[in-house]
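Undergrad: With the input below, show me the fold.
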Amino acid sequence: MTYRGLGFDPTPGSLDAVAQTIAQLRAAADALTSVAPAVRTAARHAASWQGAAADAFRTGLPAADTGRLHTAIPVLERWAGTLAENKRRTEDLDARARRARRALDDARDALQDKQNALDLAATPAAAASASVEVAAATDRVAAAETALQEVLSEARDLARAHQRSADEVADALDPGNAPPAAPSSAVRALAGALNRTSRVSASLAALVSPGTFTAPPDGAVAAVLGEAR
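TA: Model prediction:
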């Protein structure tokens, strides 16, 4: 989304997508917890099975540890609060920027009128009076420009703070320093719930990458990722 007054969106991210993601992560963690007894039974019965098929079977078993998923939920909940507050500040800044732009347009129009009056002045006295009014109108334009730039500067500061917060979320979600080889399209879609940055994509992908846990046959991971598209 681009805000008309600011000319850009300093706080990208979707509150609805974050809420949906939290619900999906919670559902996935609950689902994986419920299959843990079956996973342990399957692993126990397959302990003596050898060969390529056995290896493939054991690789496909979901891990019972859902700690990382449960850890991610409060991180995303805190991000939802940050995102909501940043969105509110963006709305306020955009409203101020739109007012500042209108004031600047009015000041420029007034300056043009005063300049026209100076150009058409028929006597030295009229010209002198018009010159004073042009100078005052010029000052009003400069003040309006400064007011607009101050709002835009606040928006840029907010954008930087928003990005730092998104980076902190990525760090909190990252289960290790090594990023996954290639985040899937579903993971990239989920990353959009936070902020469209490759670091967040990498952290979310690491959270649910093979080696952290593998999706059980009923598609628990798809339930986490698929509907965030």
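Undergrad: Show me the shaky parts of the chain.
TA: Within the chain, the ranges that satisfy pLDDT under 70 run 35-51, 53-66, 175-229.
Undergrad: State which helix of it is the longest.
TA: With residue count as the measure and DSSP state H as the assignment, the chain has helix 67-119 as its longest helix.
Undergrad: same for the next helix or strand after that helix, what does it pack against?
TA: Next along the chain after helix 67-119, taking DSSP states H and E as the criterion, comes helix 124-173. Under the contact definition 3 or more C-beta pairs under 8 Å, 6 or more residues apart in numbering; DSSP states H and E, helix 124-173 sits against helix 67-119, helix 198-207. Placement of C-beta: from N, CA and C, glycine included.
Undergrad: now D113: how far from A127?
TA: D113 sits 15 Å away from A127, taking C-beta to C-beta, to the nearest Å as the criterion.
Undergrad: before we move on, what about T11?
TA: Counting by C-beta to C-beta, the gap from T11 to A127 is 51 Å.
Undergrad: Have a look at those two and say which one is more surrounded.
TA: Each of T11 and A127 has its neighbours counted (other C-beta atoms under 10 Å); T11 has more, 26 against 14.
Undergrad: doesn't L83 make contact with that one?
TA: Yes - using C-beta atoms under 8 Å as the test, T11 is close enough to L83 to be in contact (7.0 Å).
Undergrad: For the closest residue to L76 other than its chain neighbours, give me its contacts.
TA: Computed as C-beta to C-beta, 6 or more residues apart in numbering, the closest residue to L76 that is not its neighbour in sequence is I22, at 5.0 Å. Taking C-beta atoms under 8 Å, 6 or more residues apart in numbering as the contact definition, I22 lies against 73, 76-77, 80.
Undergrad: Now with 7 Å, please.
TA: For I22, the set of contacting residues under the criterion of C-beta atoms under 7 Å, 6 or more residues apart in numbering consists of 73, 76-77.
Undergrad: next one: K114
TA: Under the criterion of C-beta under 7 Å, 6+ apart, the neighbours of K114 are 130, 133-134, 137.
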